[in-house]
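Q: Any chance you could fold what I've pasted below:
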Amino acid sequence: MAKKEQTAVVECAQQLRNIGDLLNWKYKLLELIVTLQKIQMEGKR
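A: Next up is the predicted model:
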């Protein structure tokens, strides 16, 4: 594989990793919000 191709592959892999990290962070935040809403609803009973 040529140097330019290797660089392109590495950059693509880094971008995919960043997207994956961002999605993981968003799902963890969503889980936290749902958990807090459940706790809040239980407190209203």
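
Q: what sits against Met1?
A: Residues counted as contacts of Met1 (CB atoms under 8 Å, 6 or more residues apart in numbering) are Val9. No exception for glycine: its C-beta is placed from N, CA and C like everyone else's.

Q: Tell me the spacing between it and Gln15.
A: To Gln15, Met1 is 18 Å away according to CB to CB, to the nearest Å.

Q: what do you get for Lys38?
A: 35 Å.

Q: Identify the residues contacting Arg17.
A: Going by CB under 8 Å, 6+ apart, the list of residues near Arg17 is empty.

Q: oh, and call the first residue 638 from now on, that's how I've got it
A: With the count now opening at 638, the last piece we talked about shows up as Arg654.

Q: in which helix or strand would I find it?
A: Taking DSSP states H and E as the definition, Arg654 sits inside helix 640-681.

Q: Quick check on Ala639: phi, psi?
A: Dihedral angles of Ala639 (phi, psi; degrees, to the nearest 10) stand at phi -70, psi 160.

Q: give me the number of residues near it?
A: Neighbours of Ala639 under the rule other CB atoms under 10 Å: 7.

Q: With Leu673 instead?
A: As a burial measure, Leu673 scores 10 neighbours (other CB under 10 Å).

Q: and what of Gln651?
A: Neighbours of Gln651 under the rule other CB under 10 Å: 10.

Q: Relative to Glu642, how far out is it?
A: Gln651 is 15 Å from Glu642, where distance means CB to CB.

Q: With Gly680 instead?
A: Relative to Glu642, and taking CB to CB, Gly680 is found at 57 Å.

Q: So for Gln643, what pLDDT did the model give?
A: Here, the pLDDT recorded for Gln643 equals 94.
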